[in-house]
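> Okay, predicted coordinates and the sequence, questions at the end:
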Amino acid sequence: MNDTVMTIREIAIALKLAEKTVYAMASEGDLPAFKIRGQWRIRQGDFELWLSQQTGAPQVAPSEVLTLTPSTVDLEPLRSTEAPISATPAERAVEDLTERVTQDELHRRLFRALGSSSVRTHSPWDAKPFELDLSPPLPHRVRVYMYNATRPPGGRPLGEHKVQLIAPGQRRGQRGSFDNGDGRIVLLIGYAAEEDVFVLWDAGLYTDFAWSRNVQVKAETIIQASAGKLATQERQLRPPNGRPIVETVLAVKPRSLADAVVRRMVLTRERLLRE
């Protein structure tokens with residue numbers, strides 16, 4: 001494996017992404033990065049392996065990764081007699097990667113969407129999970145697990161968004177769970193930064209999950225929310241040791257987030273009564 005160390009800027013150039021997006025990816029564990037004196041670094045070999053896993057293509061050589069820059073990935077105009085050139089798997093993966101924000105910014109946007117009049121107190125911005133005490137009709141004490149919702153590169157329906165569940169302190173190969181202690185209500189929220197849409201899943205249905213488990217929401221649900229609706233989507237979950245369960249997913253723009261949180265509580269209560 002190549003032990004050459006790459007910086008956030010070099011990764012951002014290779015992926016044609018903003019540095020803040022790559023920083024957020026590293027902070028959330030989506031990149032195989034590590035810190036040296038507070039600065040994120042990635043071994044080139046680890047980056048090449050990660051990129052090949054995103055594209056579903058064989059691992060690329062170091063020279064191929066480092067040439068994925070804005071000045072070299074653009075294809076020259078084709079002559080009219082030539083057939084169109086298809087984008088390489090790596091280029092398609094770069095195009096599909098979407099905007100991300102840092103954990104700190106995720107929580108700030110959640111706070112702004114709920115409104116300062118609805119939030120009595122909250123934990124530090126960079127704390128995960130993010131704990132808030134809220135005013136009625138919102139639930140009094142909540143614990144929020146919040147993730148970037150992005151469009152995965154390949155292998156999924158076009159436009160579908162997903163979050164990758166990683167509990168605080170959870171490592172590769174370990175099982176994770178959300179903290180339901182201290183009488184706080186747990187909320188699982190995704191944020192699609194490009195569309196400015198919040199997605200709320202039923203957190204009680206996600207227990208003992210694998211590291212980086214994917215949880216999806218359909219493209220049409222995001223589109224409906226982008227149009228200003230409180231969008232709903234039903235997903236059938238199949239627990240390994242139980243009967244199928246229907247989950248209702250909610251998606252909204254920031255101005256309707258408080259209503260969506262109340263609706264989420266109602267739906268979860270109804271599910272528990274049925275069970």
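Here it is on my side, so go on. Residues are numbered from 1 along each chain as shown.

> What residues does Gln170 make contact with?
The neighbourhood of Gln170, defined by Cβ atoms under 8 Å, 6 or more residues apart in numbering, consists of Gly176, Trp211. For every residue, glycine as well, the C-beta is placed using N, CA and C.

> Which of the helices or strands spans the nearest residue to Pro137 once chain neighbours are set aside?
In this structure, Pro137 finds its nearest non-sequential neighbour in Val262, 5.7 Å apart by Cβ to Cβ, 6 or more residues apart in numbering. Assigned by DSSP states H and E, Val262 belongs to helix 257-274.

> got the phi/psi numbers for Arg243?
phi -80, psi 160 (degrees, to the nearest 10).

> One more: Met25?
With angles defined as degrees, to the nearest 10, Met25 sits at phi -60, psi -40.

> is it true that it touches Leu31?
Yes. At 4.8 Å, Met25 counts as touching Leu31 under the criterion of Cβ atoms under 8 Å.

> So those two - more neighbours on which side?
Met25 (24 against 21; other Cβ atoms under 10 Å).

> need the strands for the stretch 101-250 of the chain, in chain order.
119-122, 130-134, 141-148, 161-165, 175-176, 185-192, 197-201, 209-210, 213-217, 231-237, 245-252 (DSSP state E, counting those that start in this stretch).

> Burial-wise, tell me which of those strands comes out on top.
Comparing the strands of the stretch 101-250 of the chain by mean neighbour count (mean count of other Cβ atoms under 10 Å), strand 197-201 comes out on top with a mean of 25.

> what angle sits between it and strand 213-217?
120 degrees (axes from the mean of the first three to the mean of the last three Cα atoms, to 10 degrees).

> Give the other helices and strands that strand 197-201 contacts.
strand 185-192, strand 213-217, helix 219-226, strand 245-252, helix 257-274 (3 or more Cβ pairs under 8 Å, 6 or more residues apart in numbering; DSSP states H and E).

> what would these look like in a markdown table with distance to Pro129?
As requested, the helices and strands packed on strand 197-201 are arranged in a markdown table below (distance: least, Cβ to Cβ, whole Å):
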| stretch | distance to Pro129 |
| --- | --- |
| strand 185-192 | 8 |
| strand 213-217 | 16 |
| helix 219-226 | 23 |
| strand 245-252 | 19 |
| helix 257-274 | 15 |
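
> mind giving me the domain split of this structure?
As assigned by automatic domain parsing, the chain contains the domains 5-71+85-96, 103-274.

> is it possible to export those domains to TSV including mean pLDDT?
Formatted as TSV, these follow (pLDDT from 0 to 100):
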stretch	mean pLDDT
domain 5-71+85-96	67
domain 103-274	92
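
> what's the span of stretch 253-260 from first residue to last?
10 Å (Cα to Cα, to the nearest Å).

> Okay, buried residues for it please.
Lys253, Pro254, Ser256, Leu257, Ala258, Ala260 (16 or more other Cβ atoms under 10 Å).

> For the residues you listed, work out which two are farthest apart.
Greatest spacing in the buried residues of stretch 253-260, by Cβ to Cβ: Lys253 and Ala258 (11.6 Å).

> gap between stretch 36-48 and the chain center?
Relative to its chain's centre, stretch 36-48 lies at 21 Å (Cα atoms, centre = their mean, to the nearest Å).
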